[in-house]
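Asks: prediction below, plus the sequence it came from.
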Amino acid sequence: MLRDAPFRALIRLLSPIRIIIILPVVIALIAMTVAIMIFTQKEVNQAMLRAGDEEARNILKVVKLNIENQQQDLVFFQRYAEQKYEQQLKNLVSVVVSQVDYFHSLAAQGLITEDQAKKAALESVQRLRYGNNDYFFIYNLQGVAISHADPRIRGRDMSAFKDEKGRPVVQTMREIAATKKEGVCTMWWTKLAGTKPVPKLLYFYLYPRWDWMIGTGVYIDDIDQDIARKRGEIMTVLKKTFAEVKVFETGYFSVFDGSKKILIHPFLAGQDGAGMKDPVTGRSLIDDLMAAANNPEAPLQYLWDKPSAPGDYKYVKYSHVDYFPPFDWYISSSVYEDEMERPAQRIIKRQLLFVSVVVLLCMAGVFLLVNRVTEPLARLTRHADRMGETDFTLSAEGVRELKTITFPSEVSLLSGTMLKMEQKLGEYLKTLAETTAARERMASELRIARDIQMSMLPREDIWLAGGKRVDLAATLEPAREVGGDLYDYFFIDPERLCIVVGDVSDKGVPAALFMARSKALFRNAALREPARPDAILHAVNQELCAGNEMRMFITTFIGLLDLGSGELTFSNAGHIPPLLVHECEGAKYVDLPQGKPVGIHKRSAYSVDRLQMRRGDALLVFTDGIPEALNNRDEFFEDERLLDLFHTHPPSSAADALDIVLREVRIFSEGAPQADDIAVLCIRYVG
């Protein structure tokens, strides 16, 4: 009987009801495992490929940046050396000029004749030597070498003489001397012991008393030698850096030049890359790499062998190439695709192992849970039902209920998991409530900011102070809570009203802050500077350019209206033209003077123009939020539509003009969201 007990337990375990419960669960777990592995394998592979490619690309950028820094050092060194040589030559020639002056002074005192003074000066200069047997020369303005260390040249007409690169020597010096008394130029000659031309720096001085060009020169090929030596040092540092930098297992960096010579490479350094062929296409691989430098962000993919498998061209290789023009270098990264995918394969194997373990544990748990999970699961179900009634708030009674579920252990584990889940959910809901409150505070602060911005706009009683001689209305509608458009109007004196309309080069809070600063600057400048629009723009431009790290600017129209005469003097800083509406003659756009937006360049200049407004004329100044308003078909409102609008609907007042414009823009937009800030100011001259 005892030996039959295991068999009876097995029969109970394999009873139809248990099989009906267990089999779908097992099938579902296996299917889920297979689906996870299939769908995640490709994503993981692609993610690792992107990460590996990004790593190689970033290192390549760092290498190029390092080379650029070294190249800038070389340029600085070359400029410094040339300036040093130039100053030395200038000092030497000044000594010779002083000596010639001495002989000229003897002739001026009558001690010797002028011809004797010239002859003595030429002979004296001819004998002078310095440095490495370097000498001085003197040419007259006709190009004759009247003093030279080489007797073969002395006395000859050198006006047609050219250097090794075909550049006329004396003609070049005469052209420079025609505008300046002194100058430098670089010519190319072959040294006595040399085989190829090298640069020689010439400095000359036009001696006006006798029309002589006194000069000397020095070879500066040692600068090129120093630069070549420094480039060799850069190459040595790069070789060491490339040897230390590893990208995955066998990835590397290399450098080759425009002549296709491989400069740095783990295996091919010093070789000619022109003979390397793509094993698939048969094209020159080095040409493909040079073409890939046109787009360094996109890798060149090709098949190549590995050091561990020479001649087996089946491995996909990724190469990013960047070109460095100053050195004529191509910097390349090379990484094998399978090495970039290898971490993904390890992750997938671990994932498979983990999922398999979980599936096995779940299957074992199913066998154990079948017998005695009904009642604990029912309690969990009831607890879960009550979660909705308690707004997912975990009570002390609920905690005790979950902790009392201790058998079977799997259900106990499930109850503990549910407890943790509810705790995490409670924390999440708390965090969500805090986040929502923070967003509401932010929205409230933005509304307050909008109210503050709107409160900064001028009040109606400002222009009413002008009596009935002017009718003015203005409005500002930011695309967001706050915006960068602005308008302002204020009296400079009892007879002149200043109007300002501007558009900041951004939207939102930064633009609003820039707008507030600009508005204050316009007011201060108008009261401090001479009462001219161009002077006001110049003063504001100086202030905004100072410390403008954000590189923001503002297009501006500013005008001063004389209430007695109706004359409007105005200036423009890159703003769009305003619209002048005559009472009975239709409307037209006002031609504006040229001017850069305020805040771009300190030396920007602005001009003034004038417009005589007649009684009943209205000037509509607006920002680009009007002509660039979009509808649902991505069509712009455009300037012509606004012009036609006032041809057919002449406004009866400034407020009526604003109502006409805004109403037509809303009708045109067809409910499309506002894309840009809108500021409109209409001033109507009553007289």
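Replies: Thanks, I have it.

Asks: outline the domain layout of the protein.
Replies: 246-341, 373-435, 459-685 (automatic domain parsing).

Asks: and those, which one is worst for confidence?
Replies: Of all these, domain 373-435 carries the lowest average pLDDT, namely a mean of 70.

Asks: picking that back up, most packed of the domains of the chain?
Replies: Most buried of the domains of the chain by mean neighbour count (mean count of other C-beta atoms under 10 Å) is domain 459-685; its value is a mean of 19. All C-beta atoms are positioned from the backbone trio N, CA, C, and that covers glycine.

Asks: how far off centre is that domain?
Replies: Mean C-alpha position of domain 459-685 versus that of the full chain (C-alpha atoms, centre = their mean, to the nearest Å) differs by 31 Å.

Asks: any idea how far T190 is from M290?
Replies: 34 Å (C-beta to C-beta, to the nearest Å).

Asks: an error on my part: the question was meant for I30.
Replies: Taking C-beta to C-beta as the measure, I30 falls 85 Å from T190.

Asks: same check on A520?
Replies: Distance, A520 to T190, by C-beta to C-beta: 69 Å.

Asks: so L206 is in which element?
Replies: If you go by DSSP states H and E, L206 is part of strand 198-207.

Asks: in its sheet, what does that strand sit against?
Replies: strand 182-189 (antiparallel), strand 212-219 (antiparallel) (DSSP bridges).

Asks: could you say which of those is packed most deeply?
Replies: Mean neighbours per residue, mean count of other C-beta under 10 Å, is largest over the strands paired with strand 198-207 for strand 212-219, with a mean of 22.

Asks: now the helix or strand that that one is followed by: how far from the chain's centre is it?
Replies: Per DSSP H and E, the first helix or strand lying C-terminal to strand 212-219 is helix 221-244. Helix 221-244 sits 31 Å away from the centroid of its parent chain (C-alpha atoms, centre = their mean).

Asks: list the helices and strands the helix or strand just after helix 221-244 packs on?
Replies: Toward the C-terminus, helix 221-244 is succeeded by strand 252-257 as the next helix or strand (DSSP H and E). Packing partners of strand 252-257 (3 or more C-beta pairs under 8 Å, 6 or more residues apart in numbering; DSSP states H and E): helix 16-108, helix 221-244, strand 262-264, strand 329-336.

Asks: residues near W210, how many?
Replies: 19 (other C-beta atoms under 10 Å).

Asks: just to revisit the earlier point, so for L580, which of the helices and strands packed on strand 252-257 sits nearest?
Replies: Nearest to L580, of all the helices and strands packed on strand 252-257, is helix 16-108, at 54.1 Å by C-beta to C-beta.

Asks: relative to strand 329-336, how tilted is that closest one?
Replies: Relative orientation of helix 16-108 versus strand 329-336 (axes from the mean of the first three to the mean of the last three C-alpha atoms, to 10 degrees): 170 degrees.

Asks: just the angle between helix 16-108 and strand 252-257, please?
Replies: Going by the same axes, to 10 degrees, helix 16-108 makes 30 degrees with strand 252-257.

Asks: heads up, I number from 2, so please use that
Replies: I'll keep to 2 as the first residue from here, and by that count the last item is helix 17-109.

Asks: alpha carbons of the next helix or strand after helix 17-109, as PDB, please.
Replies: The element immediately downstream of helix 17-109 (helix or strand, assigned by DSSP H and E) is helix 115-128. Provided in PDB are the C-alpha atoms of helix 115-128 (Å, rounded to 0.1, in the frame of the first residue of the first chain):
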ATOM      1  CA  GLU A 115      75.700 114.800 -54.700                       C
ATOM      2  CA  ASP A 116      77.300 112.400 -57.300                       C
ATOM      3  CA  GLN A 117      80.200 111.800 -54.900                       C
ATOM      4  CA  ALA A 118      77.700 111.200 -52.000                       C
ATOM      5  CA  LYS A 119      75.700 108.700 -54.100                       C
ATOM      6  CA  LYS A 120      78.800 106.900 -55.200                       C
ATOM      7  CA  ALA A 121      80.200 106.700 -51.600                       C
ATOM      8  CA  ALA A 122      76.800 105.500 -50.300                       C
ATOM      9  CA  LEU A 123      76.500 102.800 -53.000                       C
ATOM     10  CA  GLU A 124      80.000 101.500 -52.400                       C
ATOM     11  CA  SER A 125      79.400 101.500 -48.600                       C
ATOM     12  CA  VAL A 126      76.200  99.500 -48.900                       C
ATOM     13  CA  GLN A 127      77.800  97.100 -51.400                       C
ATOM     14  CA  ARG A 128      80.500  96.100 -48.900                       C
END
